[in-house]
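A.B. asks: Return atomic coordinates for the entry below.
(one chain, ligands or ions: 2)
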Amino acid sequence: MSTVSASLSRPLLDVRAVSKHYDGRAVLDRVRFEIGRGEIVSLVGPSGCGKSTLLRAIAGLDRDFDGEIRLDGVPQQGPSARLGVIFQEPRLLPWLSVADNVAFAAGPRRGGDPRVAELLNEVGLANVRDALPKQLSGGMAQRVALVRGLFSSPDLLLLDEPFSAVDAMTRMRLQDLLLALTRSHGTAALLVTHDLDEALYLSDRVLLLAPPHGTGAGRVARDIAIDAPRPRDRRDLSLAEMRAELLDGLNGTVWQH
Ligand SMILES: Nc1ncnc2c1ncn2[C@@H]1O[C@H](COP(=O)(O)OP(=O)(O)OP(=O)(O)O)[C@@H](O)[C@H]1O
Ligand SMILES: [Mg+2]
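C.D. replies: Ligands and ions are numbered 1, 2, ... in the order given. Have a look, this model is predicted:
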């Protein structure tokens, strides 16, 4: 196989039998899945099943696990500019302007970078580039966090319940914005969410992470392809059928605490 075709057929993210223990207790048990270039995948599962733990391991923020995580064939060695991470709260630095926050990966005062202006323009925030985070609404702050995640032109965005702190209307707008941004930047996304409708609206695949009965550790219990055409209609009946399948999967799981 030539180098070019090898890199095209290789998954962007390859999670290989990842297991994790906290204080001797198994939290993740041989989790394995792949994500292709530009693919949007949601991760759902009962509270405590290890979703955030898994995302932190993929982000390179936690290297204390068994198994292997490869990004474009290369074993994960720690945080990487090829990954953008977005959390539930925007986590902006309060003393830096919006523009300086977006460019923070390049250094503390790099908001003058022309890429920042382009990105802020893309999310409708060009007019607040010099504002401080405290002057923003929750939805605006999360838009800043989204473009900060894209600043290093990552191949994959990792998002942990990114829209759960905003109202329902803002949430729908942010979902559409995420779709537009992943498309225009050619970025794949792995999104943790508790909202099945959000998972179905956004994703090419939904992974259900759940502990099998009798164990406490999360495994990939279902990997469901969402083949509804795009752009999607939130009221699409085929999405409702897949929602029922996901709910059945979730109802069959045990809650971990
Ligand atoms: N730093 C830690 N030390 C010990 N145990 C931890 C630590 N972080 C998480 N855990 C435990 O690991 C398990 C998985 O936690 P995790 O935060 O990954 O779950 P989650 O699926 O993201 O849950 P939620 O949906 O509520 O966010 C839980 O039982 C949790 O108590
Ligand atoms: Mg979590």
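
A.B. asks: residues in this protein within reach of ligand 1, list them.
C.D. replies: Applying CB under 6 Å from any ligand atom, one finds that the chain approaches ligand 1 through 22, 23, 27, 45, 47, 48, 49, 50, 51, 52, 53, 256. The C-beta positions use only the backbone N, C-alpha and C, and glycine is treated the same way.

A.B. asks: separation between the first one and residue 28?
C.D. replies: Here residue 22 is placed at a distance of 10 Å from residue 28 (CB to CB, to the nearest Å).

A.B. asks: neighbour-wise, which of these two wins?
C.D. replies: residue 28 (27 against 11; other CB atoms under 10 Å).

A.B. asks: Am I right that the more buried one sits in a strand?
C.D. replies: Yes - under DSSP: H, G, I helix; E, B strand; the rest coil, residue 28 sits within a strand.

A.B. asks: Find the nearest non-adjacent residue to it, please.
C.D. replies: residue 20 (4.1 Å; CB to CB, 6 or more residues apart in numbering).

A.B. asks: Please give me every residue in contact with the one you found.
C.D. replies: 26, 27, 28, 50, 53, 54, 57, 62, 64, 65, 66 (CB atoms under 8 Å, 6 or more residues apart in numbering).

A.B. asks: For it, give me the pLDDT.
C.D. replies: Predicted confidence (pLDDT) for residue 20: 97.

A.B. asks: I'd assumed it was in a helix, is it?
C.D. replies: No - under three-state DSSP, residue 20 sits outside any helix and is assigned strand.

A.B. asks: okay but residue 111 is in contact with residue 100, surely?
C.D. replies: Yes - counting by CB atoms under 8 Å, residue 111 touches residue 100, with 4.0 Å between them.

A.B. asks: so residue 162 sits right up against residue 84, yeah?
C.D. replies: No - contact between residue 162 and residue 84 fails when scored by CB under 8 Å: they sit 11.1 Å apart.

A.B. asks: Kindly list the longest helix within this protein.
C.D. replies: Taking DSSP state H as the criterion, the chain has its longest helix at helix 168-185.

A.B. asks: and that helix, what other elements does it pack with?
C.D. replies: helix 138-150, strand 188-192, helix 196-202 (3 or more CB pairs under 8 Å, 6 or more residues apart in numbering; DSSP states H and E).

A.B. asks: Among these, show me which one is buried the most.
C.D. replies: Across those, averaging neighbours per residue (mean count of other CB atoms under 10 Å) puts strand 188-192 on top, at a mean of 25.

A.B. asks: buried stuff in stretch 107-117?
C.D. replies: For stretch 107-117, the neighbour count (16 or more other CB atoms under 10 Å) marks 110, 111, 113, 115, 116 as buried.
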